[in-house]
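Enquirer: Here's my sequence, what's the structure:
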Amino acid sequence: MSLWNNTTFDVRLRAVRAVLEEQLPVTVVAQAYGTNRSTVHRWLARFHEGGDIALERRPVSGRPRKVESLDAAGLIQVVMAPASQYGYETDFWTTRRLIQVIESQFGVRVSKQTVMRRLHEAGLTYQKPEREYFELSEEERQEWVRKEVPKIRRAVQEYRAILYFQDEANVSLTALLAKTWAPRGRTPKQTVTGKRGGVAAMSAITSRGRLIFRLHEKRIASPEVIDFLAQMLEHHRRRHLVVVMDQAPPHVSKATLAFIESQCRLHVFHLPKYSPDWNPDEKVWNHLKHQELKGHQAKTKDELSQLTHQKLTSMSHDPELLRGIFFRCCAAELLNFN
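Expert: Alright, predicted model coming up:
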């Protein structure tokens, strides 16, 4: 079986196991794996019919593809490598670049439609990448996993604590524009404010889909972080809390660390530097900005604050959505959640 099918098979098998073994709702699994409920149900039906092997890609009937000499394993190897390795200035792949490399590497001319079809058959989608920083040290991250992850697990078990991941973000008055349908050649217009500014916000999320948040009119500093941690403790008066956050200056200031030290029910761990991809709460803000607030029509900070509060409140009442967001982050795998 080709590497293309291996990738697809792995996704299907993990999704099925998430439903059957981890008892996650189908909706959560569908969101986590970027598909829909009906597809997950179809995978489940095929698994019940024939086990793991039934999840492998079935051969497609009909006339054979025009491009028989294009090796799928070789092509996926090209796609998974940075485009810069093939002489391009940036690491991103476009269909035009793939067509050029396919011709130079395989001696085969293919159309844009063929390339896109092959990519879709492999279970690949065209996505906006997440940032990965030059300063990121994989050695430091692995050291953190080796030393800190056992401490986090031990604290959760010993104190029967609730584990939160915390982060903050700025929501801009300048809305992200959403795509819409329009006649060919006539670019649609969307009216937005030209004012600058926005709303600062903090939140914390659990694996069970619980969300706590607070909005601020000014930039978040140590006092705001301390107030938010105090709010979390007040929200859970009889429980210990384990809070994982990044190493932003307000999180590691003398005032914040002194407050943490003074709270016997609060146990804080800091993620390795330049590791936002390990914080599920980052995904909360990504969803808020790119889904809930995309194309928003707020004209003032007050309107934006009210709208942001409304959207976050709605999200906090949807634990399945939040669990889907949480389990899209590798932190769930790092800490062995189910």
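
Enquirer: pretty sure Leu123 belongs to a helix, no?
Expert: Quick fix: residue 123 reads Gly, not Leu. No - membership of Gly123 in a helix is not supported by DSSP: H, G, I helix; E, B strand; the rest coil, which gives coil.

Enquirer: Run a quick neighbour tally on it.
Expert: 19 (other CB atoms under 10 Å). Every residue, glycine included, has its C-beta placed from N, CA and C.

Enquirer: got the residue ranges for the strands in the stretch 151-300 of the chain?
Expert: 162-172, 198-205, 211-216, 241-245, 266-270 (DSSP state E, counting those that start in this stretch).

Enquirer: partners of the third one, with directions?
Expert: Each strand that pairs with strand 211-216, with its direction, by DSSP bridges: strand 198-205 (antiparallel).

Enquirer: for the strand it pairs with, what is the average pLDDT?
Expert: Mean pLDDT, computed over strand 198-205, is 95.

Enquirer: Export the strands of the stretch 151-300 of the chain as TSV, with columns for mean neighbour count and distance to Ile102.
Expert: TSV is the format used below for the strands of the stretch 151-300 of the chain (neighbours: other CB atoms under 10 Å; distance: least, CB to CB, whole Å):
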stretch	mean neighbour count	distance to Ile102
strand 162-172	21	40
strand 198-205	23	42
strand 211-216	19	45
strand 241-245	23	43
strand 266-270	19	45
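
Enquirer: which one of those lies closest to Glu138?
Expert: Nearest of the strands of the stretch 151-300 of the chain to Glu138, taken as CB to CB: strand 266-270 at 17.6 Å.

Enquirer: Let's have the strands of the stretch 151-300 of the chain in CSV, adding distance to Glu148.
Expert: Formatted as CSV, the strands of the stretch 151-300 of the chain follow (distance: least, CB to CB, whole Å):
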stretch, distance to Glu148
strand 162-172, 13
strand 198-205, 18
strand 211-216, 23
strand 241-245, 9
strand 266-270, 6
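
Enquirer: between the ones you listed, which one is nearest to Gln231?
Expert: Taking the strands of the stretch 151-300 of the chain one by one with CB to CB, strand 211-216 is closest: 6.3 Å.

Enquirer: What residues sit buried inside stretch 115-123?
Expert: The neighbour-count check on stretch 115-123 (16 or more other CB atoms under 10 Å) flags 115, 118-119, 121-123 as buried.

Enquirer: now those in a markdown table, with distance to Val199 and pLDDT?
Expert: As requested, the buried residues of stretch 115-123 are exported to a markdown table (distance: CB to CB, whole Å; pLDDT from 0 to 100):
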| residue | distance to Val199 | pLDDT |
| --- | --- | --- |
| Val115 | 42 | 82 |
| Arg118 | 44 | 79 |
| Leu119 | 38 | 79 |
| Glu121 | 43 | 76 |
| Ala122 | 41 | 71 |
| Gly123 | 38 | 71 |
